[in-house]
Structure formats: structure tokens, C-alpha cells
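A.B. asks: Model the structure of this input:
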Amino acid sequence: MAERARRHVQHVDLEGQVALITGAASGLGLATAKLLASQGMHAVLADLDHARAEESAAAIRGEGAEATAIAVDVADPQSSEEAIRQVMDELGRLDALINAAGVDVTASATELTPEEWRRVLGVNLDGPFWMSRAALPVMREQGGAIVNVASTAAKRAWANASAYHASKWGLLGLSHALHVEGREHGVKVTAIVAGGMRTPFLFDRFPDLDPELLQDPECVAETILFALCQPRDTVIPELTVLPMRETSWP
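C.D. replies: Coordinates of the predicted model:
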């Protein structure tokens, strides 16, 4: 029997493209920046902590990859617009926006202050909206991809995280809405529903967590890379990536 011809799908080549990653000074944002830079992208590490982001970008450059750092407060629409404008002025293009910045406050609904509520919603929900809103006009002209890092907190609930749940459930809805708007303009939008990771985001608040129940942030970064590399005529609106031994928390 004659061997059946195999058809090879052409995945996107990221070489020479530019990716802006929020919350990139540490944790998942940094793991994603490192991975994308290793694939030939110019990684723009955007973070409120500019000094730490610059240290991380310098380390990436030390490995022979391309990376720069910019300061951004994603909760501020003007700062978000300035970040996109800076990338376009300095690099001339923006191919991927990874909304990875996130914060949480562990407190009951009755103990959570108005300032804490606004901070969590500001970073986790307003931030991806303002950054995407600023990036979309650029991407509508040249194409591009937006990846929003959601959480299992967008699918279920636990105590003392009302603001975090509200922000992540909202982000998942926002991501799907942007997916619908982006498709007709050639812009791909994907939500990554990530389970618990071995990052400072959890260990700084819960130092007694068993790391064996969590996943390495590099695994989630690989999932983000997978979404970005899909063929040009394919988009994945939502992906879930969980630790193998994840329990009901987080």
C-alpha cells in the first residue's frame, strides 16, 4: 500500500516578533518573557517595579536573547497607553500582548477595604482591558495576539478571595468578548485558565504550601507559547492548564 502523504500544518514563526509581557519582573510573567525571548522574540518586560524588570531583562540579554524593560501601572489607562506607545516608538511593532500581572488580598468580604478591592480589580481586570484597548488599534493594522492569564478562580470559588474571584471571572468574560471583537480584524485573543503555580504570588502569602501540589510557571509559559504558535487561520479562545496533583485549593 502506498504511504499516505502527510500534510504539515504551518505554525507561526515568532522569530523577530515583539511581545509585551505585564507583571514580567517575576513569577509567570518572567518565565514567559524568558521563554518567548528564547524563541527569537523581543521580550518587553513591563512592570510597576521597573528596576526589577530591568534586572530581569538584563539577565535575558546575558543569555543572548533580546529584551527590554519598561515601567507600567496597568491599572492606569494613561500609563497603559504610554507603554504601548513606547514599544511602537522604540521597536516599531507589537505582535503579542501577554496580560500576566496579578495581585490578590487574602481577606474576608467584610474585612476587605475599599482600597484593597479597587487595587485587585484595578490590576487583574482593569489592567488587561486598558492594555488591550491600547494595543488593539496597532494589532488591527498588523495582526497580533493577546493572551490573558486567568485562573481556576474564574471557574470555582474559595473563601477570603472575593475580589480575586470577581476579577478573574470578569477577566475570563472580557477575554471572550475581546476574542469575538478581534477575530474580524485578524487579532487572536486567548484566555489561559491556570492552576496554582510555584511563584511568589502564592508563596509570599502562603509559605506553608506544598510545592509538589503546584506547577512550575514555565509549564504555563509553554502553554502561552503554544497559543501564540497556532497556525494563522486558527485561534484558541480558552485553554486550561493544571498541576497534576492539584487539590480543591487553590
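
A.B. asks: Tell me which helix or strand in this protein has the weakest average pLDDT.
C.D. replies: The helix or strand with the lowest mean pLDDT-type score in the chain, counting by mean pLDDT, DSSP states H and E, is helix 200-203 (a mean of 73).

A.B. asks: Quick one: list the elements packing against that one.
C.D. replies: Under the contact criterion of 3 or more CB pairs under 8 Å, 6 or more residues apart in numbering; DSSP states H and E, helix 200-203 touches helix 27-38. For every residue, glycine as well, the C-beta is placed using N, CA and C.

A.B. asks: Quick one: mean pLDDT over the lengthiest helix in the chain.
C.D. replies: Ranked by residue count and defined by DSSP state H, the top helix of the chain is helix 162-183. Rounded to a whole number, the mean pLDDT of helix 162-183 is 97.

A.B. asks: List the buried residues in that helix.
C.D. replies: The neighbour-count check on helix 162-183 (16 or more other CB atoms under 10 Å) flags 162-172, 174-175, 178-179, 182 as buried.

A.B. asks: Looking at T247 now. What's its pLDDT?
C.D. replies: 62.

A.B. asks: what sits up against stretch 192-210?
C.D. replies: When contacts are defined by CB atoms under 8 Å, 6 or more residues apart in numbering, stretch 192-210 is touched by residues 26-28, 102, 104, 106, 147-152, 154-155, 172, 211, 213-217, 220, 223-224, 227, 238-243, 246, 249-250.

A.B. asks: What ranges does the protein have for its helices?
C.D. replies: Using DSSP H, helices in the chain cover 27-38, 50-62, 77-91, 114-121, 127-142, 162-183, 200-203, 217-228.

A.B. asks: Need the CA coordinates for the second one. CSV is fine.
C.D. replies: Below are the C-alpha coordinates for helix 50-62, written out as CSV (Å, rounded to 0.1, in the frame of the first residue of the first chain):
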residue,chain,number,x,y,z
HIS,A,50,10.9,48.9,36.7
ALA,A,51,14.2,48.3,38.5
ARG,A,52,13.5,44.6,39.0
ALA,A,53,12.1,44.3,35.5
GLU,A,54,15.4,45.8,34.1
GLU,A,55,17.4,43.3,36.1
SER,A,56,15.4,40.5,34.6
ALA,A,57,15.7,41.9,31.1
ALA,A,58,19.5,42.3,31.6
ALA,A,59,19.7,38.6,32.6
ILE,A,60,17.8,37.6,29.4
ARG,A,61,20.1,39.7,27.3
GLY,A,62,23.0,38.0,29.0
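
A.B. asks: Who are the packing partners of that helix?
C.D. replies: Contacts defined by 3+ CB pairs under 8 Å, 6+ apart place helix 50-62 against helix 27-38, strand 42-47, strand 66-71.

A.B. asks: Could you do the fifth one as well?
C.D. replies: The criterion is 3+ CB pairs under 8 Å, 6+ apart, and the helices and strands that helix 127-142 contacts are strand 18-22, helix 77-91, strand 96-99, strand 144-149, helix 162-183, strand 187-194.

A.B. asks: What are the contacting residues of it?
C.D. replies: Applying CB under 8 Å, 6+ apart, the external contacts of helix 127-142 come out as 20, 22, 74-77, 80-81, 83-85, 88, 93-95, 97, 99, 101, 144-146, 148, 171, 174-175, 178, 181-182, 185-187, 189.
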